[in-house]
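In: the sequence and its predicted three-dimensional model are supplied below.
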Amino acid sequence: MTSDAEFIEASRVFLREDYLPKLLHCVEPLTDDDLWWRPNDVSNSIGNLILHLCGNLRQWIVSSIGGAEFKRDRDGEFATRGPVPRAELIANLRQTMSEVDRVLEGLDARRLLERLKIQKYDVSTLQAVYHVVEHFGYHLGQILYIYKMRTGTDPRFYKF
């Protein structure tokens with residue numbers, strides 16, 4: 001496997017097999033009230049973060065790399081106060097992740113240096129993929145923190 005192909009495959013694995021299951025593990029036991037709780041007005045709820053992740057994944061991967069039509073309402077991702085039901089949030093995230101995985105699975109490694117205009121950024125396809133993986137991990141950490149605050153439990157991701 002070439003290093004380009006390894007980068008694409010590793011990105012798919014992080015998103016699909018590491019980050020998504022951890023996020024779902026934290027979200028599935030929470031109530032809708034927990035999903036939309038926020039410690040203060042300048043902080044985001046888990047619900048907002050999931051809406052934001054879906055918007056980011058669709059814009060950066062499904063639309064910009066995959067070519068699908070998508071009009072993003074980024075401000076709306078943060079302005080929503082819910083409650084969008086947990087089942088709807090999870091279904092949307094799963095569907096979005098499935099679309100992302102299909103795009104990455106079909107991504108020709110020769111496109112990694114192709115330039116893209118996303119939001120105000122001029123990035124390579126490689127940078128776009130890297131951004132999405134890093135961005136998801138960043139917000140997963142926030143979701144994990146809220147989960148711990150609301151449940152008082154350790155998710156035990158690394159139990160043996």
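Out: Good, I have the coordinates.
In: which residues are in contact with stretch 152-160?
Out: Stretch 152-160 is contacted by residues K22, H25, C26, L144, Y147, K148 when judged by Cβ atoms under 8 Å, 6 or more residues apart in numbering. Glycine gets a C-beta too; all of them are placed from N, C-alpha and C.
In: and what of stretch 120-128?
Out: Contacts of stretch 120-128 (Cβ under 8 Å, 6+ apart): 7, 60-61, 64-65, 107, 111-116, 118, 131.
In: contacts only, for R94.
Out: So R94 contacts L20 (Cβ under 8 Å, 6+ apart).
In: got the confidence number for it?
Out: Predicted confidence (pLDDT) for R94: 98.
In: from V103, how far out is it?
Out: Distance, R94 to V103, using Cβ to Cβ, to the nearest Å: 15 Å.
In: which of the helices or strands spans the residue most central in space within the chain?
Out: With distances taken as Cα atoms, centre = their mean, L53 lies nearest the centre of the chain, 3.7 Å away. Assigned by DSSP states H and E, L53 belongs to helix 46-57.
In: list the buried residues of the helix or strand following that helix.
Out: Sequence-wise, the next helix or strand downstream of helix 46-57 (DSSP H and E) is helix 74-79. Using 16 or more other Cβ atoms under 10 Å as the test for burial, helix 74-79 gives E77.
In: with just CA atoms, put helix 74-79 into PDB.
Out: Extracted in PDB, the C-alpha atoms of helix 74-79 (Å, rounded to 0.1, in the frame of the first residue of the first chain):
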ATOM      1  CA  ARG A  74     -23.200  26.700   9.900                       C
ATOM      2  CA  ASP A  75     -24.700  29.400  12.100                       C
ATOM      3  CA  GLY A  76     -27.900  27.300  12.500                       C
ATOM      4  CA  GLU A  77     -25.800  24.400  13.700                       C
ATOM      5  CA  PHE A  78     -24.900  26.400  16.800                       C
ATOM      6  CA  ALA A  79     -28.100  28.400  17.100                       C
END
